[in-house]
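In: model this:
(one chain, ligands or ions: 1)
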Amino acid sequence: MKRLGILFVISAPSGAGKSTICSSLRQTPDTVYAVSCTTRTPRAGETDGEDYHFMEATDFQRRIGAGDFLEYARVHDHYYGTLRQSIVDTLRAGTDVLVDIDVQGAKTIRKSTDPFISDSLVDIFIMPPSLEELRHRLEKRGTESAGQIDFRLTNAAAEMKCWREYKYTIISGSMEEDLTKFRAITRAERYLSRRIISLEG
Ligand code: 5GP
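Out: Numbers count the residues shown, from 1 in each chain. This is a model prediction of the structure:
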């Protein structure tokens with residue numbers, strides 16, 4: 001069976017459990033995690049080229065000018081963007097791509113006038129069980145200051161209002177529950193007849 005790849009766009013307020021899904025999918029051969037570019041500084045334990053392509057604002061601006069981004073947005077006072085070419089090449093080769101982007105970036109991709117992108121798009125929102133639980137998870141993660149956590153929670157409240165724009169919504173529970181729900185979506189989407197190009201091996 002030959003088919004085109006699926007562009008899985010996953011959005012969730014920071015701390016909602018998205019990185020768990022993303023890191024578990026990184027380990028599967030049928031999905032490629034698209035590493036985003038950002039102008040924010042790396043957190044402890046983050047690796048350039050693996051978690052993000054960390055870049056200077058001038059470099060980011062140059063890439064915007066060159067049209068290299070499928071989408072980009074300013075999130076939490078920094079720029080984040082998804083590079084277009086490697087995603088398109090991977091999808092054409094029949095491999096699925098996972099991108100972790102904010103609600104603005106998802107909106108941009110949804111509005112794409114390129115039929116290749118809109119046909120391949122499957123967007124999923126991960127909804128935290130509550131803002132209190134999100135605060136608890138962010139505090140437990142311990143990578144942001146109290147002020148940064150408040151800022152992220154304000155943004156989270158705004159992002160959570162966008163869930164209806166997405167094809168799927170997963171209410172975040174335990175790590176295992178989130179993964180099971182996510183896998184149910186990926187499995188069903190992979191067997192859509194319209195994605196199949198040929199049934200001859
Ligand atoms: P963090 O700084 O916690 O890694 O990410 C902050 C936010 O930026 C998250 O909501 C994440 O989904 C979003 N983000 C990460 N990469 C991209 C990207 O390439 N484009 C957009 N629009 N948002 C991104």
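In: enumerate the residues of the protein near the ligand.
Out: 14, 36, 40, 71, 73, 75-76, 80-82, 100-102, 104-105 (CB under 6 Å from any ligand atom). Yep, even glycine has a C-beta here, placed from its N, CA and C like the rest.
In: only the buried members of those: can you turn that into a ChimeraX selection?
Out: ChimeraX command restricting the residues of the chain next to the ligand to the buried ones, with burial defined by 16 or more other CB atoms under 10 Å:
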select :14,36,71,73,75,80,81,82,100,101,102,104,105
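In: which ones among the residues of the chain next to the ligand are found in strands?
Out: 71, 73, 75, 80-82, 100 (DSSP state E).
In: dump the residues you listed to a markdown table, plus distance to residue 25 and pLDDT.
Out: Formatted as a markdown table, these follow (distance: CB to CB, whole Å; pLDDT from 0 to 100):
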| residue | distance to residue 25 | pLDDT |
| --- | --- | --- |
| 71 | 20 | 97 |
| 73 | 22 | 96 |
| 75 | 21 | 89 |
| 80 | 19 | 97 |
| 81 | 20 | 97 |
| 82 | 16 | 96 |
| 100 | 10 | 93 |
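In: distance to residue 53 added to those, as JSON lines?
Out: Compiled in JSON lines, these are given as follows (distance: CB to CB, whole Å):
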{"residue": "71", "distance to residue 53": "15"}
{"residue": "73", "distance to residue 53": "16"}
{"residue": "75", "distance to residue 53": "15"}
{"residue": "80", "distance to residue 53": "10"}
{"residue": "81", "distance to residue 53": "9"}
{"residue": "82", "distance to residue 53": "11"}
{"residue": "100", "distance to residue 53": "14"}
